[in-house]
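A.B. asks: would you be able to build a 3D model of this:
(4 chains)
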There are 2 protein chains.
Amino acid sequence: MRTTSSDPIAVWMGLMGLVMDHKLLAQGLLQEASGMPWSRYRALRRVEDRGWSQRELAEAMRVDASAMSGIVDDLVERGYAERVTHPQDARMKLVTITESGRDLMEHLRTLPGVVPPPVATLTHAERRELARLVDKMRAAAEA
Amino acid sequence: MRTTSSDPIAVWMGLMGLVMDHKLLAQGLLQEASGMPWSRYRALRRVEDRGWSQRELAEAMRVDASAMSGIVDDLVERGYAERVTHPQDARMKLVTITESGRDLMEHLRTLPGVVPPPVATLTHAERRELARLVDKMRAAAEA
DNA sequence: TATTGTTATACTCTATAACTATA
DNA sequence: TATAGTTATAGAGTATAACAATA
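C.D. replies: Okay, the predicted model is just below:
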């Protein structure tokens, strides 16, 4: 039974390990279920709700615009997303999800291990406390 | 002011963002300070205390043995680590840190931003609570 | 035979720089 | 001029497979 001490470095390592391990697991499951690399899932998840410009997507994913082009190219080739010129500003491309893309996301949600993440095993009160701590750390990190 | 809701997915995304952002920041600072990629730092940090076999290192870093060879190659070339045949089992190579490697790690510790991580901004009680939550999530993730 | 490590190769992810098209 | 996106290229990180050396 692992016990993380309250030493800042130890706590941070525990946190990184938790996040990285889950990401590795999710990546593996995604690859198995869809043959798709992780970056595609990250992008597709965002365009589920509404159309995003590639610029918006790139900023949200903290990825360069050139990398974003490749990711969207691939999603379009796979038939999970569409890329259309923005009606108001022809410089922009709007990325939207297709029916096939929705089906895929729906399917992925049924896979155990990816969603819910480890956080879901906490109680509601614990999640609220964790959210508060994350907010505090983010605020400090951004300052 | 960002406020993470207690929805499991939202909390998890906040946690991932925090970890990934800090990793990006640390990577940049490391590159600037030493010209070294992140994987070298990860390995060097582990061999600070004692010699590790490459197999041990690979498992701890969750990296393939072939990738580990390249990482150690580079650390040896830079003069931060040494690779010697294990005295008891000639199949193994023991990776140890050099004086130059110790100096580098000592220097990196003085850089603001890398260490201490965001966790250090929490109070002692908050860190203990965070450590408890991380342990609980890890236990669930491993089950 | 099993284990440790190496080499060759390939794929993912990312950024930089130079480019095109549009505002 | 400034912004959105594309293309070419390069470096980091990783895994797979075939291999050599040692147990």
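
A.B. asks: give me the phi and psi for A:Ser53.
C.D. replies: phi -70, psi 160 (degrees, to the nearest 10).

A.B. asks: beta partners for it?
C.D. replies: A:Ser53 has these beta-bridge partners by DSSP bridges: A:Leu94.

A.B. asks: could you pull up the residues touching it?
C.D. replies: By CB atoms under 8 Å, 6 or more residues apart in numbering or on different chains, the contact set of A:Ser53 is A:His86, A:Met92, A:Lys93, A:Leu94, A:Val95. No exception for glycine: its C-beta is placed from N, CA and C like everyone else's.

A.B. asks: same check on A:Gly101?
C.D. replies: Residues near A:Gly101 by CB under 8 Å, 6+ apart: A:Leu44, A:Val47, A:Glu48, A:Leu75, A:Gly79, A:Tyr80, A:Ala81.

A.B. asks: now it: closest residue in space that isn't a chain neighbour?
C.D. replies: Using CB to CB, 6 or more residues apart in numbering or on different chains and skipping the chain neighbours, the partner closest in space to A:Gly101 is A:Tyr80 (3.6 Å).

A.B. asks: returning to what we had before: mind checking which of the contacts of A:Ser53 are buried?
C.D. replies: A:Met92, A:Lys93, A:Leu94, A:Val95 (16 or more other CB atoms under 10 Å in any protein chain shown).

A.B. asks: save these as JSON lines, and put in pLDDT too.
C.D. replies: What follows is the buried ones among the contacts of A:Ser53, written out as JSON lines (pLDDT from 0 to 100):
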{"residue": "A:Met92", "pLDDT": "97"}
{"residue": "A:Lys93", "pLDDT": "96"}
{"residue": "A:Leu94", "pLDDT": "97"}
{"residue": "A:Val95", "pLDDT": "97"}
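
A.B. asks: in which helix or strand would I find A:Thr96?
C.D. replies: strand A:93-97 (DSSP states H and E).

A.B. asks: the next helix or strand after that strand vs strand A:93-97, what angle?
C.D. replies: Using DSSP H and E, the helix or strand that follows strand A:93-97 in sequence is helix A:99-109. When axes from the mean of the first three to the mean of the last three CA atoms, to 10 degrees is applied, the directions of helix A:99-109 and strand A:93-97 differ by 50 degrees.

A.B. asks: give the buried residues for helix A:99-109.
C.D. replies: For helix A:99-109, by 16+ other CB under 10 Å, it's A:Gly101, A:Leu104, A:Met105, A:Leu108.

A.B. asks: chain center to the top helix by length along chain A, what's the gap?
C.D. replies: As assigned by DSSP state H, the longest helix anywhere in chain A is helix A:8-34. Computed by CA atoms, centre = their mean, to the nearest Å, the chain-centroid distance of helix A:8-34 equals 12 Å.

A.B. asks: got the angle between that helix and helix A:99-109?
C.D. replies: Using the same axes, to 10 degrees, helix A:8-34 lies at 130 degrees relative to helix A:99-109.

A.B. asks: anything in helix A:8-34 near chain B?
C.D. replies: Yes. Against chain B, helix A:8-34 shows contacts by CB under 8 Å from any CB of the partner chain at A:8-12, A:14-25.

A.B. asks: return the helix or strand in chain A with minimum mean pLDDT.
C.D. replies: Every helix and strand in chain A was compared by mean pLDDT, DSSP states H and E; the lowest is helix A:8-34, with a mean of 86.

A.B. asks: quick one: residues in contact with stretch A:120-139.
C.D. replies: With CB under 8 Å, 6+ apart, stretch A:120-139 has contacts from A:119, B:1-6, B:8, B:10-12, B:14-15, B:17-18, B:118-119, B:121-122, B:126, B:129-130, B:133, B:136-137, B:140.

A.B. asks: what helices or strands is the longest helix of chain A leaning on?
C.D. replies: helix A:38-46, helix A:99-109, helix B:8-34, helix B:124-142 (3 or more CB pairs under 8 Å, 6 or more residues apart in numbering or on different chains; DSSP states H and E).
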